[in-house]
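Peer 1: okay, sequence plus prediction incoming.
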Amino acid sequence: MKKILLLALLAVASSAFADRIPREWASRYRSMQQIISNKNLFVWQSNLDERFVWIDANGKKRDRRATIASAEDMFKAHKIKCDLKIMRVDTNRDQTVDVTFDLRLTLDYGQRNVVRFHEQGVDTWKNIGSRWTEIRTVDKVTTETRVR
């Protein structure tokens, strides 16, 4: 009976730590949140690999250039409120890391022109040389709401 209880406690304890976010990724995404809030398009795009692909919630693919072009308008907002949460981090066999995230943005363009944006998806990162670069984003959910 004691063995079963001990095994059950070990199983509960190990599952409690299974979803912990590694510090490296928590720090990286805190930095990304600041980069977006500070409207730093140059630094944001420097994280995207040259072969980066974004697949939106409808399955439409965009390459790096198209992704940056679609994000440029966002970075033109007068003020950006960014809430970026990591839900899960998975290391894959092919030396990539998948980061499941939940992003909520409030983009204030002034004159009562405010847009709320919500995105849930998975970013895939690869260590190329000695630097992590984002090679793919696959969105599960994207919504955009204009607020007056």
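Peer 2: Done, it's in. Residues are numbered from 1 along each chain as shown.
Peer 1: residues contacting Thr67?
Peer 2: Neighbouring residues of Thr67 by Cβ atoms under 8 Å, 6 or more residues apart in numbering: 48, 52, 54, 137. Where you see a C-beta, it was placed from the backbone N, CA and C, and this is true even at glycine.
Peer 1: please spell out which residues along the host helix or strand of it are buried.
Peer 2: Applying DSSP states H and E as the criterion places Thr67 in helix 64-75. Neighbour-count burial for helix 64-75, with 16 or more other Cβ atoms under 10 Å as criterion, is recorded at 64, 67-68, 71, 74-75.
Peer 1: these into TSV, with extra columns for pLDDT?
Peer 2: Converted to TSV, the buried residues of helix 64-75 look like this (pLDDT from 0 to 100):
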residue	pLDDT
Arg64	98
Thr67	96
Ile68	97
Ala71	93
Met74	93
Phe75	95
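Peer 1: now, among those residues, which is nearest to Phe117?
Peer 2: Nearest to Phe117, judged by Cβ to Cβ, of those is Met74 at 7.7 Å.
Peer 1: sounds good, over and out.
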